[in-house]
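Enquirer: quick one, fold the following:
(one chain, ligands or ions: 2)
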Amino acid sequence: MTTELIRIRGLLENFEDFVRAGNILKDGGVVAIPTETVYGLAANALDADAVKKIFTAKGRPQDNPLIVHIADFEDISKLVLEIPESAITLAEHFWPGPLTMIFKKSDKIPAEVSAGLSTVAIRLPSNKYARAVIEAAGVPLAAPSANLSGKPSPTSAQHVMRDLSGKIPMILDGGTCEVGLESTVIDLTGDVPTLLRPGGVTLSELRKVLGTVSVNPKILEEVSDNEPVASPGMKYKHYAPGAPVVIIDGDAESFKNYVLANKTDKKVAILCFDEEVSLFEDSDLSVVSYGSRATPSSLAENLFSALRTLDDISPDIIYARQPDCSDGIELAVVNRLSRAAAFTHISL
Ligand code: TXA
Ligand code: MG
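Expert: Numbering: from 1, shown residues only. Ligands and ions are numbered 1, 2, ... in the order given. As a prediction, the model looks like this:
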């Protein structure tokens, strides 16, 4: 299959392309679309056969459910059994935007979307091109990140092309994703709203509008084999480059000394903050920076792209730096990086 890559210039300029993307989706096909978080691989969420194509293209485990994307809050009513008050509050504050809410699902949602669970994840994206595609398709769109399963999520159309070229008919290129990490996922089906995945909407923002929000401990811990999890995505190795990633905590000088002392004859690559690049100026190490420590949103924006750059270098080992895991977007950065590192840490 040839993959058509379409550069989007505007809603009007590319009107015909949105209609074509909508038709592919109506006919049961898949299309990769930009969103404000990461690129998504979309299919009609109400069509089980269409949804199966997503799993095939990505090589995604069947037991990992998908997020359903809508363009209007009203669209939610057919997809869920009940709308808790907390969902209305959250929608007022954070939709459209990088927040996914988990509801009890209606029988309109095929088991392929919910991976057999009784719940469904729903998001109303803020990216205008994403919304235009949902509207052109006229149906809610199931869309996981548009990467090969296990690879870093794509934050540009070129990343999608690298992973899925030849496997899908169309990619809409809406430029680089604004947030750079996937949406925050909050479960509203229990007594207390529970954060399952940190993202663009932060924990303190959620608590400010909802009061109590609990945090699933597996956000920052490894899940052992066969351990039950609240969100199937927590079980899988994620976002991983080919080489092992080791996170090094400690001040910049100790970090430098550790890396140089442990270099041996390995091909070492460094993932660090902009502020630390000069530490390795005189070394022969490959140094990739992913933003300024002082601007955590830049770390979120560039992390996945940096992990892909590191993959291209094919080092034997990657030593990585992470921000302090306070609240804020830092929690999401640390969550993704910890998973890329399979929770391997060294504290100096
Ligand atoms: O920002 C995003 O959320 C992007 C863009 C494309 O919207 N999508 C995305 O999808 O990240 P995906 O499939 O890569 O991640 C969805 C996560 C998975 O960890 C999955 O296990 C979890 O959400 N999830 C989906 N449905 C769920 C459910 N009913 N209960 C618990 N977790 C669920
Ligand atoms: Mg994903």
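
Enquirer: then stretch 178-194 to CSV, C-alphas only?
Expert: What follows is the C-alpha trace of stretch 178-194 in CSV, where atoms were taken according to Å, rounded to 0.1, in the frame of the first residue of the first chain:
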residue,chain,number,x,y,z
GLU,A,178,2.2,21.2,20.8
VAL,A,179,2.2,19.2,24.0
GLY,A,180,4.4,16.4,22.8
LEU,A,181,3.3,13.7,25.3
GLU,A,182,0.0,11.8,25.3
SER,A,183,-3.1,13.0,27.1
THR,A,184,-3.7,12.8,30.9
VAL,A,185,-6.0,9.8,31.6
ILE,A,186,-8.4,10.0,34.5
ASP,A,187,-10.8,7.2,35.6
LEU,A,188,-14.2,8.5,36.7
THR,A,189,-15.9,5.1,37.1
GLY,A,190,-15.0,4.6,40.8
ASP,A,191,-15.8,6.5,44.0
VAL,A,192,-12.8,8.8,43.7
PRO,A,193,-11.5,10.1,40.4
THR,A,194,-8.1,8.4,39.8
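
Enquirer: and it, how far from the chain's centre?
Expert: Remark: stretch 178-194 is offset 12 Å from the chain centroid, using Cα atoms, centre = their mean, to the nearest Å.

Enquirer: offset the numbering so it begins at 227, please.
Expert: That works, and once the first residue is 227, the last one we named lands at stretch 404-420.

Enquirer: close to ligand 1: what parts of this protein are there?
Expert: Taking Cβ under 6 Å from any ligand atom as the criterion, the neighbours of ligand 1 within the chain are 261, 263-264, 266, 290-293, 326, 328, 340, 343, 345-347, 349, 369-371, 408-409, 411, 422, 457-459. Where C-beta positions appear, they are placed from N, C-alpha and C, glycine not excepted.

Enquirer: try it again at 5 Å.
Expert: By Cβ under 5 Å from any ligand atom, the part of the chain that sits against ligand 1 consists of 261, 263, 266, 290-291, 293, 328, 343, 345, 347, 369-371, 408-409, 457-459.

Enquirer: nearest to ligand 1: which residue in the chain?
Expert: Each residue of the chain has a distance to ligand 1, by Cβ to the nearest ligand atom, and the smallest belongs to residue 459, at 1.8 Å.

Enquirer: which of the residues of the chain next to ligand 1 fall in strands?
Expert: Restricting the residues of the chain next to ligand 1 to those inside strands, with DSSP state E as the criterion, leaves 266, 293, 328, 345, 347.

Enquirer: the chain: helices as residue ranges?
Expert: Using DSSP state H, the helices found in the chain span residues 241-252, 274-284, 311-320, 337-340, 354-363, 383-390, 429-436, 478-487, 522-539, 555-566.

Enquirer: tell me the domain boundaries of this structure?
Expert: 230-446, 471-573 (automatic domain parsing).

Enquirer: give me the helix or strand of the chain that scores worst on average pLDDT.
Expert: In the chain, no helix or strand scores lower on mean pLDDT, DSSP states H and E than strand 571-573, which sits at a mean of 92.

Enquirer: residues contacting it, please?
Expert: Residues outside strand 571-573 that contact it (Cβ atoms under 8 Å, 6 or more residues apart in numbering): 472-476, 484, 564.

Enquirer: ok, stretch 238-256 next?
Expert: With Cβ under 8 Å, 6+ apart as the criterion, stretch 238-256 contacts 232, 234, 237, 257, 259, 267-270, 273, 275-276, 279-280, 283, 355, 358-359, 361-365, 367, 394-396, 398.

Enquirer: same check on stretch 454-462?
Expert: With contacts defined as Cβ under 8 Å, 6+ apart, stretch 454-462 is touched by 287, 289-291, 341, 375-376, 411, 413, 420, 422-423, 442, 444, 449.

Enquirer: same thing with stretch 483-495?
Expert: Stretch 483-495 has contacts (Cβ under 8 Å, 6+ apart) with 469, 474, 476, 496, 506, 509, 511-514, 536, 539-545, 572, 574.

Enquirer: which of those residues are buried, as a ChimeraX select command?
Expert: Buried residues within the contacts of stretch 483-495, as defined by 16 or more other Cβ atoms under 10 Å, are selected in ChimeraX through the command that follows:
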select :469,474,496,506,511,512,513,514,536,541,543,544,545
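
Enquirer: ok, residue 392 - contacts?
Expert: Each residue near residue 392 by Cβ under 8 Å, 6+ apart is listed here: 227-229.

Enquirer: brain fart, residue 330
Expert: By Cβ under 8 Å, 6+ apart, the contact list for residue 330 reads 306-308, 344-346, 415.

Enquirer: so how far is residue 236 from it?
Expert: Computed with Cβ to Cβ, to the nearest Å, the distance linking residue 330 and residue 236 is 39 Å.

Enquirer: now residue 250
Expert: Taken as Cβ to Cβ, the spacing of residue 250 relative to residue 236 amounts to 20 Å.

Enquirer: if you count surrounding residues, which of the two has more?
Expert: In this view residue 250 and residue 236 are compared by other Cβ atoms under 10 Å, and residue 250 has more residues nearby, 22 against 9.
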